[in-house]
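>>> Dropping the sequence and predicted coords here.
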Amino acid sequence: MRILLFLLFLFPVAIFVQGQVTVSGTISDLKSGERLVGGSVYSSETRLGVSANSYGFYSIKLPKGSNLIQVSYVGYQISSVKMNLLKDTVINFTLTTSLNLDEVTVKGNAGRNSHPYFSTLSMMKLDMAKMGDIPVIMGERDLLKSIQYLPGIKGGAENTAGYNVRGGSSDQNLILLDGVPVYNVYHLMGFFSVFNGDAIKNAEIYKGGIPARYGGRLSSVLDVSMKEGNLKKQEGSFSISPIAGSLTLEGPIKKDTASYLISVRRTFIDGPLILAEKMGNQPSVGGYYFYDLNAKANWILNSKNRVFLSIYSGLDRNYYNGTDHGLKFGYHYQWGNTTTVLRWNSTINSRLFSNTSLYFSSFNNTQQDKSKDDGLVNLFKTSSKLNEWSFKPDFDYYLSPNHTLRLGGKVSLMSFMPNMLRMRNDESKTNFRQGTKKQAFVGEAYLEDAISLERLNMNVGIRTAAYCIEGKTYTSVEPRLAINLAISPGITISSGYMRSSQVLHLLTNSSLGLPTDLWVASTKNISPQKADQFSLGIEKRIGASYTIGAEGYYKRMKNVTRFNEGAAFLSGNDQNWENNVSVGEGEAYGSEFMFRRENARLNWMLAYTLSWSNQRFDGINRGQWFPFKYDRRHDFSALIDYKIRSKRPGERKFSIAFVFQTGNHITINDTEIEGGLLPGFDKCSWSNDKVRQTYENPNNFKMPSFHHLDLNYSVKKYRSSGRGHEWSFSGYNIYNHLNPWMTYKKDGVPKQLSIFPFIPSVSYRYKW
Amino acid sequence: MLLTKIQLMKLVIKHLVKYNFIFVCLFFAFVSCEKDLDTRIEVSPKLCFNCILNPDSLIKGSLSLSRSISEAGAFVKINHATVELKKDGQFIGLMQNTGNGIYGLTFKPCSGSIYELTIKAEGFPELHASTKVPEKPSVSCLLNDSVRIYGYTNYLTTYTIHDRLGENHYWQFKIENRFGRKEFVVYHYDINSVIIDDFNKVTDATDKLGFHYEYYLRINDNGLDGKILTYTDLTHPKDCISFMDTDVHYDKYMKSSIKQKVNEYNSTFSEPVQIYTNIENGLGIFGSAAITSFKL
């Protein structure tokens, strides 16, 4: 009897399994051959669907027989194919961009949640096309500034690209460029990011329930993918703004087989300045510039294998050279990143896809003073370096329509040289070097399962990591969970939990509010940071246009670091940074709200965050809690865009952006006390230094709130061939509110420096 | 006064470093605007008591009110408080007010004893603090070679501290009286030794060693508990050299005070310093120090 029952249960399963075939392939753009990340593949018969992975690969199990398969992607026409499936089949879809965006996106999104495992407040895919419509200062499109309009993401100082997510510091954000971590993503002390908008294909940001495949940071993940290069024809674009010029070239090396992409951006404001100085016969010349270079090449070896090579190099340099009474002097302060990655995509079988990467990432920060007189050299140089070599295999296994497994790992060799010092003075016969180099080995592994049931979608995973340095090994086990439950059509409840660890620390100066930083790593004395985060939210989608959501979070952090009181950055005074930091804990909690309308003529996004973030260190403030520097109580932003004319060839759009943020905290002395004379000084009749200045608690002063209203008007004229141009007219800070950018003291009086009054700008972009 | 070449180089480089970031900010600003920042922070005045116990001196302390940083003038002295002292848990007396916020007790503290302070003043919470008086440091010195500097004879002197078991906090300072002028504290030490704490180390390319220590030397006995601590310094015969062992609280107070002083003149980007206090519900310092001084 039992055997009979077993056979009865097994028989339909067997029939079901035997009656299925696997359809797999890629989704790409028809005109360029670019793979489309996250494209949707849907079967109306089974009412099941999957998303293409980060490399445009998909795999779906369907019943044998006739199937209607629909493929969609935002901004593209839906592609449908009806097939009689008898065996495993490979179908590579190529999609065409939609001439009428509204029609496509309504059909594309109706009835399906494009992020089945995460709420919109925890994970968001960024629309790169819309990034150009956001009014930004000096007309320079910037990814990192664009994301600061999202709830829960707050900028640092005004107009800086540094950002804080859910009460965490800026080093707690993992920023990946083609899978490679980028350590310093800011130009010009944070005014601009290193991401050249012309070279970016896709960007996703995770704030809660971060999947197990990501690790190494506590607060968020920004995963940026570069374009691969047009496989069909040569293309290019040139853009110019008041601050920089950019040139992007892409095209086939061999049509439909190999392609390249090169994108260069550089400031040019130093040119006129140098010219003016030379024409004025100035004894010295100074200037500043930055550049970004993105280069990528890929080769399709065969239908199952493809290799990519990506390189990024970026640098900021501030310099000042000259002569003075026969003395030659030169000063420069520069910082920059270099990343290189070799990737191999392989479709192992119809359900298993692999991506194997070998990469190098480096960050370097140097300050040098050098002078020479009569052959005598005086040199002062400090530098900070961080290098990472990694090998990273990842596998996507489409187990069943309800289960997509991801597994993989990473092994890394990291080297750290923070605060190296080199000094030479021929006059006093001083010549020495100081600083230490440390190496660490990191091993990581993860397993993740994306489970899709009828109303319940979950992403469950676990990540483990081992970090070995100076004979000590730190291990961590990090469970991850994200749940989305549709309680009724259009309404979902989401919840998430994640534990994360981070071996890197970014030490920032908290006194003057300047964006200076120092990357250091955990050592045998400084443990890795750890965090636990819980989130709970609700979201309602109304039709294809409206989304309204709210989400609360609570985050607890351990082993966060901070400069000790009195520690000085870039001074070279104490080469052992471990003596200058304190280790403590942090706590952050809050609520995020969002109301959004999209896919219409008039679109908007309103975001509001109410949050608290505090820290505690044993050796600071007598071990009591105090506000985190970026503890901003209220954060409101509004982005509105209206398509005046949406049809080609002349699209016109008007955008408004408004931001209001409670000021961040800085530490200033607020109290004077009478102190005793220090030993020895009591014996000196001339000394009467008894007054001491101190403060109640760190970050005791809240800066004034900052807010600004920005406008943007864009005109795009593109032909169907893709050739055309666009003008963008922006006004930043329309009502000229003087927001504080930096604080300092002048004659003992605290001052605020505002450097962004009303700034109009025009930028131009030409594509061919 | 004509500058030497080295002084000129130093001056140019110092200005380059100091104004680097300001230059970049202004370089990009179409219009940069500066205005006073209203940093008025509501601070309630607190009682501030300063008293350092020294086995060689009678007990004396001062009591005043703290004030907001925007205020000026003399500190408000408190003369109506009750200041109670205990030694090793036993009451030893009330410190008597002698005017101008000064309180004293005709009593010399004993090394090794723990003293507890309680201050009561109307309108303020009760203050509490405690300190353990250290022993005088055991120090010897040995004169080595003489060195002529600027026409004067100095001696390379080896100082040896015989560390006691347990936690110690050693400091050294020097009073100069070389030229018949008034005495002044030496504020510049060119010493290279692993036992010197780097908290007040200042990097300077014009120094012979590339750095110096400012105002005091703090000597670490970490890892050398109970052992001999040795270093060498140049000393003039007319200098008065003092070695001090402090309790943990005065040690932290000294460090925070000196750190603030050093950063004021040497580092634009230093973190602010909160002056240490061990006075519960108040400010100031109730600490102790024992000093050994000598001349060559």
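Arrived safely, thanks for sending.

>>> List the residues that contact residue A:609.
Residues near residue A:609 by Cβ atoms under 8 Å, 6 or more residues apart in numbering or on different chains: A:151, A:152, A:154, A:590, A:591, A:592, A:593, A:634, A:635, A:636. (Each C-beta comes from the backbone N, C-alpha and C, glycine too.)

>>> what sits against the nearest residue in space to it that is not next to it in sequence?
Leaving out its chain neighbours, the residue that sits closest to residue A:609 by Cβ to Cβ, 6 or more residues apart in numbering or on different chains is residue A:635, at 4.3 Å. Applying Cβ under 8 Å, 6+ apart to residue A:635 gives the contacts A:151, A:154, A:607, A:608, A:609, A:611, A:660, A:661, A:662.

>>> Could you pull up the mean pLDDT of the helix or strand residue A:301 falls within?
Using DSSP states H and E, residue A:301 maps to strand A:284-302. Strand A:284-302 shows a mean pLDDT of 89.

>>> how about that strand, does it reach chain B?
Yes - counting by Cβ under 8 Å from any Cβ of the partner chain, chain B is contacted by strand A:284-302 at A:286, A:288.

>>> still on that earlier bit, now that we have the contacts of residue A:635, which of them are buried?
If you count burial by 16 or more other Cβ atoms under 10 Å in any protein chain shown, the buried members of those come out as A:151, A:154, A:607, A:608, A:609, A:611, A:661, A:662.

>>> mind listing the strands for the stretch 101-250 of chain B?
B:102-105, B:114-120, B:127-132, B:139-149, B:152-162, B:170-176, B:184-185, B:188-189, B:201-203, B:211-214, B:217-219, B:228-235, B:240-246 (DSSP state E, counting those that start in this stretch).

>>> Pipe those strands into a markdown table and attach mean pLDDT, distance to residue B:274 and mean neighbour count per row.
Below are the strands of the stretch 101-250 of chain B laid out as a markdown table (pLDDT from 0 to 100; distance: least, Cβ to Cβ, whole Å; neighbours: other Cβ atoms under 10 Å in any protein chain shown):
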| stretch | mean pLDDT | distance to residue B:274 | mean neighbour count |
| --- | --- | --- | --- |
| strand B:102-105 | 95 | 26 | 18 |
| strand B:114-120 | 97 | 21 | 19 |
| strand B:127-132 | 96 | 17 | 20 |
| strand B:139-149 | 84 | 32 | 12 |
| strand B:152-162 | 87 | 30 | 16 |
| strand B:170-176 | 90 | 20 | 22 |
| strand B:184-185 | 74 | 24 | 18 |
| strand B:188-189 | 88 | 26 | 16 |
| strand B:201-203 | 84 | 21 | 20 |
| strand B:211-214 | 90 | 20 | 21 |
| strand B:217-219 | 94 | 18 | 23 |
| strand B:228-235 | 88 | 29 | 17 |
| strand B:240-246 | 93 | 19 | 23 |
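
>>> Put together TSV for these, with distance to residue A:454 on each row.
Formatted as TSV, these follow (distance: least, Cβ to Cβ, whole Å):
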stretch	distance to residue A:454
strand B:102-105	79
strand B:114-120	70
strand B:127-132	65
strand B:139-149	82
strand B:152-162	77
strand B:170-176	73
strand B:184-185	80
strand B:188-189	76
strand B:201-203	67
strand B:211-214	70
strand B:217-219	69
strand B:228-235	75
strand B:240-246	72
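
>>> pLDDT check: weakest of the buried ones among the contacts of residue A:635?
Lowest pLDDT among the buried ones among the contacts of residue A:635: residue A:154, 84.

>>> rewinding a little: of the contacts of residue A:609, which belong to strands?
A:154, A:590, A:591, A:592, A:593, A:634, A:635, A:636 (DSSP state E).

>>> which among those residues end up buried?
In the ones in strands among the contacts of residue A:609, the ones that pass as buried (16+ other Cβ under 10 Å) are A:154, A:590, A:591, A:592, A:593, A:635, A:636.

>>> my read: the first one touches residue A:659, true?
The one in question is residue A:154. No - here residue A:154 does not reach residue A:659: they are 9.8 Å apart, not a contact under Cβ atoms under 8 Å.

>>> Now for the two: what residues contact both?
Here residue A:154 and residue A:659 share the contacting residues residue A:148, scored by Cβ under 8 Å, 6+ apart.

>>> From chain B, how far off is the nearest residue to residue A:531 once chain neighbours are set aside?
Counting by Cβ to Cβ, 6+ apart, residue A:218 is the residue found nearest to residue A:531 once chain neighbours are left out, at 4.1 Å. Applying Cβ to the nearest Cβ, to the nearest Å, the value for residue A:218 to chain B is 23 Å.

>>> sorry, back to before: tell me the one among the contacts of residue A:635 nearest to residue B:165.
Lowest distance from residue B:165 to these (Cβ to Cβ) belongs to residue A:611, with 50.3 Å.
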